[in-house]
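Asks: fold the following and give me the result.
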Amino acid sequence: MSTPIEDVKSKIDIVEYIGRFVSLKKTGRNFKAPCPFHNEKTPSFIVSPDRQIWRCFGACQTGGDVISFLMKWENITFFEALRELAQQTGTKLENINFEDKEWKKKEILLSINNAALKFFHYLLNQHAAGKDALTYLEKRGLNKNLIETFQLGYAPKSWDSLLTFLIKKGFSQQDIFQTGLIIRSQRGKFYDRFRGRLMFPIIDARDMIIGFSGRLIEESLTLEVDQAKYVNTPETPIYHKRETLYGINVAKEAIKNEQKVVVVEGEFDMISCYKHGVKNTVAIKGSAFTKDQLMLIKRYAQHLILALDADFSGTETTKRAIEDTESLDLRIDIVQFDFAKDPDEAFQHNPLEFKKKLKNPIPIYDFIIQIAKKRQGDEPTAYAKKAISDEVIPFLANITNPIIKTHYVKRLAEILEVNESSVESLLHRFNIKKRKQKISYIVRKSQQGENRYNLLQKYILSLMVQNEQPIRIYRKAQEVLDENDFSIPSYKNLLDHLGKYYEINKAKETNLEKFNIQQFTSNLSAPLQSVFDELFLFDASLINNETLDKDINRSLYELKQLSLKDKIKQAINSEDTTLVKEYSKSLSEVEKKLSSLYN
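Replies: Model prediction:
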C-alpha cells in the first residue's frame, strides 16, 4: 500500500516540474542544465525521468527527488515542501507517521512573528502610542487600505513591551530570541530590538511572516541622530536576507499576469509603486541584489526592470546582477530618472513621467554602453575608446544569445568607429585572458582524487545502466573484462547484480533487450541504489574524450589496460614474479588490440 508521500511523488513528473524553474536540455535518457544552486558555465545538473530524481555533479554534489528539490529551491523543510506539492496534486496528507522537528521549530518562530505583527499593527491603528507614526504615514500618502494591505505597525519606545507581551502569550524567551525580535545584552538581559519605529513585516511568497524592518519616523531622526534609520531582523532560521524580496506576497499575482517585475530599493518605494497601480513591484533591502533573489523572481517572470535610486553609485548593483541574469536566462532593463532621488519621490513629483519611463526602460547593455560613454565624454580619444571597450567588453562576453550578442557587437563597433571584426577580436582575447579555458572533466576529477581508472569504471557502468539496451554493452564488456577489473567494490557489486539480472530473465525467457529499471533496483540495497542512481545520472558527455563516445571497445580495452597495470604494481610489491610475467603478457596483448582500435 502506497503512502501519501509516494502518492504525491507519483503524481508529479520531475522533468516537467523542475523544468518550470530550470531550462533543461535532453541528453541521452536524462536532462541537464547549469545547476541552479551555484554558479557554473558547464552544466552539471542532471534530471532523470526514469528514476524521477536529480543530482548535481558540480560544486553542490547533492541530489534527490522532487520534494528535496523544492526544499532546496525554496529553503523550506520537508513537511513544507510535501504540503505544498500535496496541495498542487490534490493529495490528502493523512496518516503520515513522521516527525519533522525542523518544521515544528520553524512553526514556533513563525507563530511568534505572527503574534508580534498583531502587536505592532494594533499599536499603530488603535493605540495612542502609534498616533505619531500613523500621522507620519498619512503625510507620506498611505491610507488605511495600504496600511492593511502591507500590515504595517508600530513598535513603542519601550525596552521590553513586546517581550512581555510574547511571554504572556506563552512563548519562551529563547524561542523569541531566535526570531531576532529581542537582543541579549552583555549581562545576559533581554530587551526589544525594535523601539520607537514604524514596522514593516517581511512576508514571503507563501504569506509567512519571516522578519521585520523597523524605520525611525522623521520626527525621531532629528532627536536621535545616532540611531540607524532602519533596523532589520538579523539572519535567523526563518529569515535570510539574500533570499528575500519585500512585497512579493502582494505582488506575485501581478508579476505573473504582467510577466515582468519592477525592482526597487526600499519599502516605501515598493508601496508607492503599488499605490500608483504598478503592482508588479518588489523591493530589495539596500543595494545588494543576489542570485537567490533572481531565482525567486524567475518563478513568476523572465523580465526584470530595475528602478533603483537615482544616485546609486555608478550602477554597481546593476553590474553585479547582469552575469546572474544571463546564467538564469532573464531579461533585465533599467529605468533612469533625474527628477527625483527614488521611485517614491518620483511618483510624488511627476507620476505620469515616471510611469512613462517604467513603460520604456533601457535594455541593460544599452545602459552599460551609455554609462561607459558618459565617463569618457562626447568626443573620446583613441585611449578613451579603449577605456570604453575595456568597460563594455566583459559584459558583452557574458551574452549567451547569438542574436543579442551580434546586435551589441555591431553597436559597440559603431561607437568605437571600428569594424565588427575588431570588437569580435577583443571579445575573443577577453575570453582567453579572463576566463579559464574549460578544464576537461577527467583533469578536474583527477584533481579531486578521481583518476582515469576510476572514471572509466564509472563511465562504462553508466553506459550500461543508461542505455536503452544495456545487454549489448554488458556482453561486450564480458568479452574484454572480468569482475576483478573493477577496483571499486560498489561497482563490482553492481556488475554482479547486472549479471544475475540477465541470468534470471534469460531463464524466464523475458526480453533481455529491454531493461526493467524498477525490477532491477528493487533487488538492490539502499547504499547500492544510491550508487546506481549516481551512475544513472552521470553525464558521460562531460568526459570530454570523443573516442569514448565513438567506440565503446576503446574504453573497455583502456580499462583493461589500466587494470592490468594496477595488478602488475601490486604483483611487484608482493614480489610475485609469476604474476608479473602473466599480467605483463596480457598487457602486451591488450595494448596491441588498443593500438589497432585507434588506427
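
Asks: and the helix or strand residue 532 falls within, what does it pack against?
Replies: Using DSSP states H and E, residue 532 maps to helix 526-537. Helix 526-537 sits against strand 45-48, strand 53-56, helix 452-466, helix 489-507, helix 517-521, with contacts defined as 3 or more CB pairs under 8 Å, 6 or more residues apart in numbering; DSSP states H and E. Just so you know, the C-beta spots here come from the backbone N, C-alpha and C atoms, and that holds for glycine as well.

Asks: list the buried ones in that helix?
Replies: Across helix 526-537, burial judged by 16 or more other CB atoms under 10 Å covers 529, 531-537.

Asks: tell me which stretches of the stretch 351-500 of the chain form strands.
Replies: Assigned by DSSP state E, counting those that start in this stretch, the strands in the stretch 351-500 of the chain fall at 362-363.

Asks: show me where pLDDT drops low in it?
Replies: The model of the stretch 351-500 of the chain has pLDDT under 70 over residues 433-450, 468-469.

Asks: over to the stretch 1-150 of the chain?
Replies: Across the stretch 1-150 of the chain, the ranges flagged by pLDDT under 70 are 1-2, 41, 95-98.

Asks: could you redo the last one with a cut-off of 80?
Replies: Applying pLDDT under 80 to the stretch 1-150 of the chain flags residues 1-3, 28, 38-42, 58-59, 94-100.

Asks: so who does residue 245 touch?
Replies: Counting by CB atoms under 8 Å, 6 or more residues apart in numbering, residue 245 touches 263, 282-284, 293, 296-297.

Asks: now, those that are in strands?
Replies: Counting by DSSP state E, those place 263, 282-283 in strands.

Asks: make JSON lines from the residues you listed and add pLDDT to it.
Replies: Listed next are the ones in strands among the contacts of residue 245 as JSON lines, based on pLDDT from 0 to 100:
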{"residue": "263", "pLDDT": "94"}
{"residue": "282", "pLDDT": "97"}
{"residue": "283", "pLDDT": "96"}
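
Asks: between those, which is nearest residue 63?
Replies: residue 282 (30.6 Å; CB to CB).

Asks: and for the closest one, the neighbour number?
Replies: Using other CB atoms under 10 Å, residue 282 has 27 neighbouring residues.

Asks: what of residue 142?
Replies: For residue 142, using other CB under 10 Å, the count is 19.

Asks: what is the longest helix along the chain packed up against?
Replies: With secondary structure taken from DSSP state H, the chain has its longest helix at helix 101-126. Helices and strands touching helix 101-126, as assessed by 3+ CB pairs under 8 Å, 6+ apart, comprise helix 78-89, helix 131-139, strand 153-155, helix 161-168, helix 173-179, strand 197-203, strand 209-215.

Asks: out of the ones you listed, which is closest to residue 353?
Replies: The closest of those to residue 353 is helix 131-139. By CB to CB, the value is 22.8 Å.

Asks: could you identify the helix or strand that succeeds that closest one?
Replies: helix 144-149.

Asks: what does that next one contact?
Replies: With CB under 8 Å, 6+ apart, helix 144-149 has contacts from 124-125, 137, 152, 250, 271, 274-275.

Asks: can you list these in JSON lines and add neighbour count and distance to residue 259?
Replies: Shown next, in JSON lines, are these (neighbours: other CB atoms under 10 Å; distance: CB to CB, whole Å):
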{"residue": "124", "neighbour count": "22", "distance to residue 259": "35"}
{"residue": "125", "neighbour count": "16", "distance to residue 259": "36"}
{"residue": "137", "neighbour count": "22", "distance to residue 259": "32"}
{"residue": "152", "neighbour count": "25", "distance to residue 259": "29"}
{"residue": "250", "neighbour count": "19", "distance to residue 259": "18"}
{"residue": "271", "neighbour count": "27", "distance to residue 259": "22"}
{"residue": "274", "neighbour count": "20", "distance to residue 259": "18"}
{"residue": "275", "neighbour count": "19", "distance to residue 259": "22"}
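
Asks: so residue 191, which of the three states?
Replies: strand (DSSP: H, G, I helix; E, B strand; the rest coil).

Asks: so what's it bridging to?
Replies: residue 183 (DSSP bridges).

Asks: spatially nearest residue to residue 28 (excluding sequence neighbours)?
Replies: Of all residues not flanking residue 28 in the chain, residue 466 sits nearest, at 5.8 Å (CB to CB, 6 or more residues apart in numbering).

Asks: quick one: contacts for residue 82?
Replies: Contact partners of residue 82, counting by CB under 8 Å, 6+ apart, are 5, 8, 67, 93.

Asks: how near is it to residue 277?
Replies: According to CB to CB, to the nearest Å, residue 82 and residue 277 sit 38 Å apart.
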